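1. Sequence first, predicted coordinates after that:
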Amino acid sequence: MSPHDRLDRRRWLQQAAALTLGALPLGGAMASTEPFPSRAVTLWVPWPAGGATDVSLRLLAELASVTLGQPVLTENRGGAGGTLAMPVLQQARPDGYTIAQMPQPVFRAPHTQKVLWDPIRDVTPIIQVSSVTFGVLVAAGSSVRSLEDLFAFARAHPGELTIATNGIGTTPHMVLEDLFTARGLRYVHVPYKGTAEQLNAIASGQVMAGVNSTGFGPAVDAGTLRLLASFAGERSKRWPQVPVLRELGFDIVAKSPYGLAGPRGLPKAVVTVLHDAFKKAMFDPRFGAELAKYDQEVDYLGPDAYAQACREIFAQERAMVDKLGLGRTGS
């Protein structure tokens with residue numbers, strides 16, 4: 001074989017090898033023909049088990065699994081104000097088998113503390129599910145009958161008013177800072193990891209008051225807790241006697257939307273499959289009835305609209321943190 005023939009043969013082999021490798025996915029494995037999903041999907045819930053969000057998302061996962069044809073398993077990772085699912089998403093493979101709830105605090109935390117993840121860069125938004133608002137609560141037997149009573153106590157007893165929230169840097173914590181700073185008052189912040197634990201602390205008098213999402217609905221309806229004020233834009237039809245903050249002289253409406261997201265780089269086809277299954281589940285009457293227990297409704301946005309909403313929320317949170325002087329310092 002002449003040198004020219006050997007050169008042509010070498011070029012042919014190189015081209016054949018390149019074509020073969022080009023047909024393989026990264027890692028050298030044969031391209032999978034398995035449809036998505038071909039096994040269970042894991043939904044990470046960044047709150048302890050038993051709270052309103054956990055219970056409603058478990059039902060949503062159960063309903064979505066029917067359409068997907070595979071189980072949607074829920075895993076809890078509570079703590080750090082609802083942000084602990086973010087490292088999971090950041091490290092997960094973008095194959096659709098790991099998704100997580102995206103609560104409001106994940107858009108705030110990067111502005112108040114150093115974190116290794118980014119809620120815009122590191123995720124692929126799938127669907128917005130619902131939104132919660134919040135309220136100020138006391139035990140049913142408390143002598144505190146209004147928000148003004150809380151302010152009066154804080155004024156008369158500096159440093160003695162204890163108020164529970166579901167974590168440092170959460171929306172309730174931020175609103176409390178705004179409310180009390182506006183009046184030059186102090187309170188003792190008592191953060192809890194989960195709603196059930198916090199509501200029990202309020203009802204038993206371990207803390208004088210608390211702020212939580214409308215997961216408190218059953219306790220208020222049962223007469224265990226008293227709702228003093230709501231952070232919604234208007235009074236609830238469920239509790240029409242309870243004023244909203246705007247009526248009390250505070251230009252504050254705190255609505256905390258949440259949705260589901262996957263890791264960065266999730267293929268569009270996979271996003272579509274997940275979106276369609278969860279959208280169908282969201283509009284199932286059983287899910288609507290579950291949300292109604294907590295004075296919530298479906299608040300749907302598709303992938304593109306939800307992605308835009310996430311970017312807007314991220315910017316809004318930066319503005320609020322700057323307003324309250326709670327931004328992180330240093331690198």
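-> Received, thanks.

2. What's the per-residue pLDDT of residue 16 here?
-> pLDDT for residue 16: 42.

3. Repeat that for residue 322.
-> On pLDDT, residue 322 comes in at 89.

4. All the helices of the stretch 101-250 of the chain, in order from the start?
-> With helices called from DSSP state H, counting those that start in this stretch, the stretch 101-250 of the chain shows them at 105-112, 147-156, 171-182, 195-204, 217-221.

5. Report the contact partners of the residue nearest to residue 295 when sequence neighbours are not counted.
-> Spatial nearest neighbour of residue 295, excluding adjacent residues (C-beta to C-beta, 6 or more residues apart in numbering): residue 214 at 4.2 Å. C-beta here means a position set from N, CA and C on the backbone, and glycine is covered the same way. By C-beta atoms under 8 Å, 6 or more residues apart in numbering, residue 214 lies in contact with 52, 132-135, 294-296.

6. So which residues of the stretch 101-250 of the chain form strands?
-> With DSSP state E, counting those that start in this stretch, the ranges of strands along the stretch 101-250 of the chain come out as 123-132, 134-139, 162-165, 188-191, 209-213, 225-230.

7. Between those, which one is closest to residue 47.
-> strand 209-213 (10.0 Å; C-beta to C-beta).

8. Let me know the average pLDDT across the closest one.
-> For strand 209-213, mean pLDDT is 94.

9. which helices and strands does it pack with?
-> Applying 3 or more C-beta pairs under 8 Å, 6 or more residues apart in numbering; DSSP states H and E, we find strand 209-213 packed against strand 134-139, strand 162-165, helix 171-182, helix 195-204.

10. looking at those, which is closest to residue 303?
-> In terms of C-beta to C-beta, the element of the helices and strands packed on strand 209-213 nearest to residue 303 is helix 171-182, at 24.1 Å.

11. Report the inter-axis angle for that closest one versus strand 209-213.
-> Counting by axes from the mean of the first three to the mean of the last three C-alpha atoms, to 10 degrees, helix 171-182 lies at 130 degrees to strand 209-213.

12. on contacts alone, who are the packing partners of helix 171-182?
-> Counting by 3+ C-beta pairs under 8 Å, 6+ apart, helix 171-182 packs on strand 134-139, strand 162-165, strand 188-191, strand 209-213, helix 303-324.

13. mind listing what the closest residue to residue 164 other than its chain neighbours touches?
-> Distances taken as C-beta to C-beta, 6+ apart place residue 210 nearest to residue 164, at 3.9 Å, with adjacent residues excluded. The neighbours of residue 210, taking C-beta under 8 Å, 6+ apart as the test, are 136-138, 163-165, 198-199, 201-202.
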